[in-house]
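Q: below are the sequence and a predicted model for it; my questions follow.
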Amino acid sequence: MLPYLSTVQPVRRIRYIIFLKDVLILALTTFGGPQVHLAMFYERLVQKRRYLTEDELLELNALGQVLPGPTSTQTITAIGFKIGGPNLAYITLLVWILPAVCIMTAAGMGIYYLEQHHLSLQFARFIQPMAVGFMVVAGYRIGQKVIKNQVSLALALIAVVVAYLFRSPFMTPIVIAVGGLTTALTYEKQKRMEKKPLRVQWSNFFLWLGVFVGAATLGAYTQSLPVRLFENFYRNGSFVFGGGQVLTPMLYNEFVAFKHYLSREEFLSGLGLVQAVPGPVFAFASYIGVLSMRDSGMHGQLWGSLVSTAGIFLPGTFLIFFVYRFWEQLKRYRVVRASLEGINAASTGLTAAAALALFEPMATHWSSVVVVVSTIAVLLYTKIPPYVLILVGLLTGVIL
């Protein structure tokens, strides 16, 4: 028995190392958001390595879509949990987000350096309207999938109007909650499935809730900017359903329209740049964290990136660990499946409202309008990937 155990442990370690190497390769090569990420996960983790089956991958991805947080990040974290438990899952999370976080941290520090030395940012002038084009297409594609009837259409339109008129970060979770509750009332339309008693392990839920309350209390008491940044991102990460496209309007309302930590131009430049970065779109938080603490020097900027990154990624991680253990039972409840329809519809409306708010100042500049329309057309009618568009936009800006 002992020789067998001594043989199994090194084999497992080698398998875990190979898995983490695969995760790093994906982190460096996956562009284009959750849909593209899923395809690449399938190719490398299912077809090539056979860590799990296609059905298991789709199920874990569905779980990520049910929960607030970054879908592709939660999916690959759950795969790590499935293969090696919570310790491997945490390492998987770090390996997956590290390249994108480092790049966006450097981008934030670079933008600040250029501003401090009064150097022109005109090379990025095409990136800002392109970012609006990306948002419009993202909202359109989400809407095609989730708006299936008059109720979901009405919820999306109401979300657009409310989010556009009341640009407060506190309005976002309210809109999402109202959307979910509205369609939850129509649960009887869902197919009935045989239910089993839920066996819930509450530790990770209480960990999520404890950090949520603790960060809010500590931030209000100390008024420390790093603590408040962590709390702001933790709150946003706890309420964002639908991935990076929905996160963007939440961050714009919070840090540009409401708190003015970033200018609109800085926000759009970062939003465009993150489209050209592999890995999770949620790494945009690192960029915002740097510029939010621009007055604290390089050390403060790095600290801002760290707390913002931790704040945006931890809620989804805690919740995936919590729900993963009883997901098989939970998905059988009709009210859970029904609420997703309203959540997704409201999220579509939030994305459209953010695109409108960002486009509004550009409407009087014909060159920006042309770039927005051209970006939308290229994304809809060609197969050119977003990062190629961004690189072309940057190169054109440098030349002109």
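A: All right, it came through fine.
Q: residue 194: which element?
A: Under the criterion DSSP states H and E, no helix or strand holds residue 194.
Q: how many neighbours does it have?
A: Counted with other CB atoms under 10 Å, residues neighbouring residue 194 total 5. Heads up, the C-betas are built off the backbone N, CA and C, glycines and all.
Q: check whether it really touches residue 334, as I assumed.
A: No - Residue 194 is not in contact with residue 334 according to CB atoms under 8 Å; the separation is 11.8 Å.
Q: next, the buried residues of the helix or strand containing residue 154.
A: Taking DSSP H and E as the criterion, residue 154 maps to helix 150-165. By 16 or more other CB atoms under 10 Å, the buried positions in helix 150-165 come out as 151, 152, 155, 156, 158, 159, 160, 162, 163, 164.
Q: quick check, nearest of those to residue 220?
A: Nearest to residue 220, judged by CB to CB, of these is residue 163 at 25.4 Å.
Q: any idea which element the closest residue in space to residue 146 that isn't next to it in sequence lies in?
A: Once flanking residues are discounted, residue 146 sits nearest to residue 344: 3.7 Å by CB to CB, 6 or more residues apart in numbering. Per DSSP H and E: residue 344 is located in helix 334-359.
Q: against which helices or strands is the following helix or strand past that helix packed?
A: Next helix or strand after helix 334-359 toward the C-terminus (DSSP H and E): helix 366-381. Helix 366-381 sits against helix 127-146, helix 386-399, with contacts defined as 3 or more CB pairs under 8 Å, 6 or more residues apart in numbering; DSSP states H and E.
Q: okay, the angle between the longest one and helix 366-381?
A: I take that to be helix 127-146. Here the directions of helix 127-146 and helix 366-381 differ by 40 degrees (axes from the mean of the first three to the mean of the last three CA atoms, to 10 degrees).
Q: in helix 127-146, which residues are buried?
A: So, applying 16+ other CB under 10 Å, buried residues of helix 127-146: 127-143, 146.
Q: the last one now?
A: Of all the residues in helix 386-399, those buried under the rule 16+ other CB under 10 Å are 386, 387, 389, 390, 393, 394, 397.
Q: for that helix, give the mean pLDDT please.
A: Mean per-residue pLDDT for helix 386-399: 77.
Q: any idea how far the helix holding residue 344 is from the chain center?
A: Put simply, helix 334-359 sits 14 Å off its chain's centre (CA atoms, centre = their mean, to the nearest Å).
Q: what does stretch 218-234 give?
A: That offset, for stretch 218-234, works out to 21 Å (CA atoms, centre = their mean).
Q: ok, and what's touching that stretch?
A: By CB atoms under 8 Å, 6 or more residues apart in numbering, the list of residues contacting stretch 218-234 from outside reads 169, 211-212, 215-216, 254-255, 285, 289, 292-293, 296, 303-304, 307-312, 314-315.
Q: give me that answer again for 6 Å
A: 215, 216, 254, 285, 289, 292, 303, 307, 308, 311, 312, 315 (CB atoms under 6 Å, 6 or more residues apart in numbering).
Q: buried set for that stretch?
A: So, applying 16+ other CB under 10 Å, buried residues of stretch 218-234: 219, 225, 226, 227, 228, 229, 230, 231, 232, 233, 234.
Q: likewise for stretch 297-312?
A: 300-312.
Q: which one of these is nearest residue 178?
A: Set against residue 178, the nearest of those by CB to CB is residue 312 (23.6 Å).
Q: quick one: the residue nearest to residue 146 and residue 79, what's the gap?
A: 23 Å (CB to CB, to the nearest Å).
Q: same thing with residue 93?
A: 11 Å.
Q: count the residues that sit near residue 289.
A: With other CB under 10 Å as criterion, residue 289 counts 32.
Q: before we move on, back to that, same for the helix holding residue 344, what does it pack against?
A: If contacts are counted by 3 or more CB pairs under 6 Å, 6 or more residues apart in numbering; DSSP states H and E, helix 334-359 sits against helix 127-146, helix 150-165, helix 171-184, helix 244-252.
Q: got those as a markdown table, with mean pLDDT and distance to residue 16 columns?
A: Formatted as a markdown table, the helices and strands packed on helix 334-359 follow (pLDDT from 0 to 100; distance: least, CB to CB, whole Å):
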| stretch | mean pLDDT | distance to residue 16 |
| --- | --- | --- |
| helix 127-146 | 75 | 35 |
| helix 150-165 | 87 | 42 |
| helix 171-184 | 81 | 36 |
| helix 244-252 | 77 | 28 |
